[in-house]
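**Q** got a predicted structure here, sequence first:
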Amino acid sequence: MPHPTRGETDKIEQARAIRRRVRLASGRPDGRCGKVSEAIAAELGWAYRWGHLRLLDGGICWIHCWNQRADGTMVDATADQFEERWLGDVVVLPPGDSRQANYSPAPRGHLFRIPRNRGQLRLLATPARLDAPFEPEEEELTTAADTPDGWTELGARAIQHHSGWALPDWIGREAGERLREAEAAGQGLPSRELEFDLDAAVQQRRRASHGQWTSPEWQETRAEGGGRGLAGH
């Protein structure tokens, strides 16, 4: 990223100060992306955005919030929670920066369904629309055998269709397992439910390999006050 001007540095410091205040008030150790982005929108006038963020390791944060200025500049004030998987503490991406494509705002929802046909699994997707929960017609995305590899293939295709990105194999396996469970229950799988399940799986893998991330504000308060009155999730 280019070297920021003095005015740009002041704006970043304002966003960082808001982040600090919101996190301290929340009494929680996580990134608080939603609350921080809402506060920045209210105080600095930068539009609130939510959606997917594709990280440098190829994974996705399925539920993330950030801000966008009137000139198109994206500001991610809680990017610190992703550590080496993203671009730094407070990320500022000006218009034209190719890395803006890693942010997918307000992704359209889908309902996935898996009917069977002569031993084959059919992956059907129904997109959501603004004036009704879902469109009236389904689209067949692919078919696969009723095997573990087949379910992984279906999961990977569903995720690619929903996000627009080809993702690591393990995400396809997780998505395939969620689709299998929904099919066994005789239900469709809304993409929002799938996002929550995948986000939980991502966080679990991260904790297993790197431990639990906690915000610097949380760590500072714990050190100063012994954690009195604070509660995690």
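**A** Alright, I've got the coordinates.
**Q** tell me the domain boundaries of the chain?
**A** 6-106+211-225, 110-187 (automatic domain parsing).
**Q** can you redo those domains as CSV with distance to residue 196?
**A** (Glycine included, C-beta is placed from N, CA and C.) Output for the domains of the chain, formatted as CSV (distance: least, C-beta to C-beta, whole Å):
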stretch, distance to residue 196
domain 6-106+211-225, 7
domain 110-187, 10
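**Q** out of those domains, the one nearest residue 203 is which?
**A** domain 6-106+211-225 (9.0 Å; C-beta to C-beta).
**Q** relative to the whole chain's centre, how far out is the closest one?
**A** 12 Å (C-alpha atoms, centre = their mean, to the nearest Å).
**Q** what's the mean pLDDT across that domain?
**A** The pLDDT scores in domain 6-106+211-225 average 95.
**Q** quick one, strands of the protein?
**A** With strands called from DSSP state E, the chain shows them at 47-54, 60-68, 74-76, 91-93, 103-105, 110-113, 116-117, 120-127, 139-145, 189-190.
**Q** would you turn these into JSON lines with distance to residue 83 and mean neighbour count?
**A** Shown next, in JSON lines, are these (distance: least, C-beta to C-beta, whole Å; neighbours: other C-beta atoms under 10 Å):
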{"stretch": "strand 47-54", "distance to residue 83": "13", "mean neighbour count": "18"}
{"stretch": "strand 60-68", "distance to residue 83": "12", "mean neighbour count": "23"}
{"stretch": "strand 74-76", "distance to residue 83": "13", "mean neighbour count": "24"}
{"stretch": "strand 91-93", "distance to residue 83": "12", "mean neighbour count": "22"}
{"stretch": "strand 103-105", "distance to residue 83": "18", "mean neighbour count": "18"}
{"stretch": "strand 110-113", "distance to residue 83": "30", "mean neighbour count": "22"}
{"stretch": "strand 116-117", "distance to residue 83": "43", "mean neighbour count": "9"}
{"stretch": "strand 120-127", "distance to residue 83": "33", "mean neighbour count": "18"}
{"stretch": "strand 139-145", "distance to residue 83": "34", "mean neighbour count": "15"}
{"stretch": "strand 189-190", "distance to residue 83": "30", "mean neighbour count": "20"}
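**Q** on that earlier part again, out of the domains of the chain, which comes closest to residue 195?
**A** Residue 195 lies closest to domain 6-106+211-225 among these, at 4.0 Å (C-beta to C-beta).
**Q** picking up where we left off before, possible to save the strands of the chain as JSON lines with distance to residue 161?
**A** Output for the strands of the chain, formatted as JSON lines (distance: least, C-beta to C-beta, whole Å):
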{"stretch": "strand 47-54", "distance to residue 161": "13"}
{"stretch": "strand 60-68", "distance to residue 161": "14"}
{"stretch": "strand 74-76", "distance to residue 161": "25"}
{"stretch": "strand 91-93", "distance to residue 161": "26"}
{"stretch": "strand 103-105", "distance to residue 161": "13"}
{"stretch": "strand 110-113", "distance to residue 161": "7"}
{"stretch": "strand 116-117", "distance to residue 161": "19"}
{"stretch": "strand 120-127", "distance to residue 161": "6"}
{"stretch": "strand 139-145", "distance to residue 161": "6"}
{"stretch": "strand 189-190", "distance to residue 161": "13"}
